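Trainee: quick one, what's the 3D model for this:
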Amino acid sequence: MSGEGAPLRVRHGALHFFVRETLKRVRLAPELASHTADAMVAANLAGDDADGVAWLPDLAQKLSTRHVNTTPEMKLVASSGGTAVLDGDNGPGPAVAHRAMTEAIGGANRHGVGSTAVRRGNRLGSAGHFASLALPHQMSGIAISGDPGPPEPGASPAATHPVALGIAVPTAETAAPLVLNLHFEEGGAERELALALALEFLVSLGGAALPAEFTAEPRPEPVHGGTGQLFLAFRVRAFAPWAGFRNRMVERLAQLRRARIDYPGQEAAAVEEERRTRGILLDLKTTDSLRQLAYQLGMNEIWDGLGK
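Mentor: Numbers count the residues shown, from 1 in each chain. Okay, the predicted model is just below:
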C-alpha cells in the first residue's frame, strides 16, 4: 500500500484529483467537489496544512451521514446594491464559500464594493484562500468565518469559539500578494478576545447564530444554525488608479525588505513554490487517515498510485 507506515509526498495535481474523486464517491456533485478540492489543496500549498486535506476524512464522514448536505440548493435570500445574503443549505463549507465570494466579486464589479453574508454554511478551511479569489480581478478580498460547533462537554459558557479571518491585497507583479490567514479564539488574550467577538458579530449579519445562541432556548425571530460567514471584495480601480496603487505597494514592499521584515503571504509564496516543485509532504497521521478513507471507498488503485 502506498505510503503505509510513512509520510507521503504527493504532486498537487494528483492530490487534487484524489480529493475530488473521494468527494464524488460520497455523492457530492462534481462542481462542488472541485471547489472543495481547490480550497484544500491551496491550503496545503500555502503551508496551512491544518486547513488542507487533513480534514477530508471528517468532511467525507459528514457527507456520508448527511450531516453536511451533498446536494445543497444554495440561493440568495436577500440582495441590495452590492450586498447579498446567501443561504448555503448546509452544503460543504468550501463550496458555499466559493459561491459567496463569487457573488461578492460580482457586486464589486458593479458597485466598487461587494459583500455576501452566509448563513447555514460549514467549515470552509483556509479563509485566506477565499479572500485570494478576488486577486485575479484586480481586487482585494476579505473572508471571515465563525465556528458553529457546540462547546466541549463540561466547558464553561466562555468556551473558545474560533473565528477565521483572511485578507488578500494585490501587490507588485513581481512580488507575492499580501495574504493573511488567521484564527482567533475567545479564550485567548484580551485583544484577541475583543477581535474574535467583533468578527463574530460581522459573520452573524446574514442571520447565522452567534455562539451564545447555539444551545439557547428557541427564539421567535429567525436565527439560523450552521456557520456564519462574511465575504467582501473591493475593486481597487473604484478607489484609486490601478497603476498608482501598484506603485505604492512596490515602494511599501521595498521598505519592508530594507527593514528585513517579512510581510504576510511572503513565506506562503515560498512554501508554495517549493511544494509545487517537490510535491506536498503529508504527515504520517494525515497519510494514514487518507489511506484508510481511500480503502473504505474502494479507491485502492487511486491511492496506491498517488505517490508515484
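
Trainee: for the stretch 101-250 of the chain, which segments count as strands?
Mentor: 113-121, 139-146, 163-169, 178-184, 227-235 (DSSP state E, counting those that start in this stretch).

Trainee: just put these in a markdown table and tack on distance to residue 295 and mean pLDDT.
Mentor: Where you see a C-beta, it was placed from the backbone N, CA and C, and this is true even at glycine. Formatted as a markdown table, the strands of the stretch 101-250 of the chain follow (distance: least, Cβ to Cβ, whole Å; pLDDT from 0 to 100):
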| stretch | distance to residue 295 | mean pLDDT |
| --- | --- | --- |
| strand 113-121 | 30 | 94 |
| strand 139-146 | 32 | 94 |
| strand 163-169 | 32 | 91 |
| strand 178-184 | 32 | 86 |
| strand 227-235 | 30 | 93 |
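
Trainee: any chance of these in a markdown table, with distance to residue 30 and mean neighbour count too?
Mentor: Below are the strands of the stretch 101-250 of the chain laid out as a markdown table (distance: least, Cβ to Cβ, whole Å; neighbours: other Cβ atoms under 10 Å):
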| stretch | distance to residue 30 | mean neighbour count |
| --- | --- | --- |
| strand 113-121 | 20 | 27 |
| strand 139-146 | 24 | 27 |
| strand 163-169 | 26 | 24 |
| strand 178-184 | 27 | 20 |
| strand 227-235 | 23 | 27 |
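
Trainee: so residue 101 versus residue 127, what's the distance?
Mentor: Computed as Cβ to Cβ, to the nearest Å, the residue 101 to residue 127 distance reads 10 Å.

Trainee: now residue 253: phi and psi?
Mentor: phi -70, psi -40 (degrees, to the nearest 10).

Trainee: that one - how many residues pack around it?
Mentor: Neighbour count for residue 253, taken as other Cβ atoms under 10 Å: 19.

Trainee: show the contacting residues for it.
Mentor: By Cβ atoms under 8 Å, 6 or more residues apart in numbering, the contact list for residue 253 reads 171, 172, 175, 263.

Trainee: compare residue 101 and residue 127 (neighbour count), which wins?
Mentor: For residue 101 versus residue 127, neighbours defined as other Cβ under 10 Å are more numerous around residue 127 (31 against 27).
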